[in-house]
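Peer 1: Structure here, sequence nowhere to be found:
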């Protein structure tokens, strides 16, 4: 009976249904199914990743497909069947690829490098790309400086050091959340919650002070 | 923390748009394949799954992964089509 079942599993040919994928990629794993998975991942990863890769795309995609395949096999029991299997699998592989690229891009940066901001070397100097064609009036400059100081004070008083570090990394240094999460020894999920909490604190404080963010934005943007 | 005008503007917009029911990166990741499949059928995934759409509008990394996933799925859906 068991031999009959094994023979039947080996006879299943692509394209596979969701149930067949799960069956074939669960122990004992069917190697032909693994090859098919890898083939399809490579096919999809090329258009998915080509614009992010500045070196040999083919080899990178093969490496990512291999890493992705291993991750998929390790997590096969978590597939819930709410989408096509290959959609779920491609999601995993894409994340593997982009995470690798982000790490390489920011390989040499550390938490210490984040101790600097755009205003550190020029005390409260107002800098903006929006001034390309016209200079602000003195009143406008004052309003902008006051707005900057107000927000800085709120951040310094309300946010934790960790929240400030994360915010600086993302807003000022434009780092990826993947990279910032790793630098802080956490994951993207927790980082997002950390920053969501920070935004809520600031939103709440603006409300308490009777400041409408739209009004403030308008005030500092008018020339 | 020292800021400049552009960053204050960016921060104010993000703060203004903050809502209590935002989903996290993990919750978005759990649903993104359904979101992508809805989009590929030609229907509005943003309308069907507004919290995912909201998160993608806030999170660059999740948005990048979603767009890459879409490109990959388009190729799988039409393997004869030469995308690159």
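Peer 2: Structure received. Computed from a predicted model, the values in this text were never measured in an experiment.

Peer 1: The helix or strand hosting residue A:166 packs against which elements?
Peer 2: Using DSSP states H and E, residue A:166 sits within helix A:161-167. Here helix A:161-167 touches helix A:138-158, helix A:188-208, going by 3 or more Cβ pairs under 8 Å, 6 or more residues apart in numbering or on different chains; DSSP states H and E. Every C-beta, even on glycine, is put in place using the N, C-alpha and C of the backbone.

Peer 1: May I see the buried residues of stretch B:66-77?
Peer 2: B:66, B:68, B:69, B:70, B:71, B:72, B:73, B:74, B:75, B:76 (16 or more other Cβ atoms under 10 Å in any protein chain shown).

Peer 1: if we can go back for a sec, lowest average confidence across the helices and strands packed on helix A:161-167, which one?
Peer 2: For these, mean pLDDT drops lowest on helix A:138-158, to a mean of 89.

Peer 1: List the buried residues in the host helix or strand of residue A:70.
Peer 2: Using DSSP H and E, residue A:70 sits within helix A:57-74. Of all the residues in helix A:57-74, those buried under the rule 16+ other Cβ under 10 Å are A:57, A:60, A:61, A:64, A:65, A:67, A:68, A:69, A:72.

Peer 1: show me the contacts for residue A:193.
Peer 2: Contacts of residue A:193 were listed using Cβ atoms under 8 Å, 6 or more residues apart in numbering or on different chains, and they are residue B:24.

Peer 1: measure residue A:39 to residue A:46 for me?
Peer 2: Look at residue A:39 and residue A:46: by Cβ to Cβ, to the nearest Å, they are 12 Å apart.

Peer 1: More neighbours: those two, which one.
Peer 2: Taking neighbours as other Cβ atoms under 10 Å in any protein chain shown, residue A:39 and residue A:46 compare with residue A:46 leading, 20 against 12.

Peer 1: Give me the nearest residue to the more buried one, chain neighbours excluded.
Peer 2: residue A:61 (5.4 Å; Cβ to Cβ, 6 or more residues apart in numbering or on different chains).

Peer 1: what's near enough to touch that neighbour?
Peer 2: A:42, A:45, A:46, A:49, A:97.

Peer 1: Among these, which one is most surrounded by other residues?
Peer 2: residue A:45 (28 neighbours).

Peer 1: rewinding a little: which of the contacts of residue A:61 fall within helices?
Peer 2: A:42, A:45, A:46, A:49, A:97 (DSSP state H).

Peer 1: Would you mark the buried spots in stretch B:41-58?
Peer 2: Neighbour-count burial for stretch B:41-58 [16+ other Cβ under 10 Å]: B:45, B:49, B:52, B:53, B:54, B:55, B:56, B:58.

Peer 1: err, stretch A:34-54, not the other one
Peer 2: Applying 16+ other Cβ under 10 Å to stretch A:34-54 flags A:34, A:36-38, A:40-49, A:52-53 as buried.

Peer 1: how far does that stretch sit from the chain's center?
Peer 2: Counting by Cα atoms, centre = their mean, to the nearest Å, stretch A:34-54 is centred 19 Å from the centre of its parent chain.

Peer 1: what residues does that stretch touch?
Peer 2: A:14, A:16, A:21, A:25, A:57-58, A:60-62, A:64-66, A:68-69, A:72-73, A:86, A:89-90, A:93-94, A:97-98, A:101, B:68-69, B:71-76, B:79, B:83-84.

Peer 1: Give the full set of residues in contact with residue 17.
Peer 2: Using chain A here. Applying Cβ under 8 Å, 6+ apart, no residues contact residue A:17.

Peer 1: try again with chain B
Peer 2: residue B:58.

Peer 1: so how far is chain B from residue A:90?
Peer 2: To chain B, residue A:90 is 5 Å away according to Cβ to the nearest Cβ, to the nearest Å.

Peer 1: And the residue at minimal distance from the centre of chain B, how far from chain A?
Peer 2: With distances taken as Cα atoms, centre = their mean, chain B has residue B:56 as the residue nearest its mean C-alpha position (2.6 Å). Residue B:56 sits at a distance of 12 Å from chain A (criterion: Cβ to the nearest Cβ).

Peer 1: Tell me which residues touch that residue, please.
Peer 2: B:28, B:62, B:63, B:66.

Peer 1: same thing but at 10 Å, please
Peer 2: B:28, B:32, B:35, B:45, B:46, B:49, B:62, B:63, B:64, B:65, B:66, B:67 (Cβ atoms under 10 Å, 6 or more residues apart in numbering or on different chains).

Peer 1: and if you look at residue A:206?
Peer 2: A:150, A:151, A:154, A:212, A:213, A:216, B:12, B:15, B:16.
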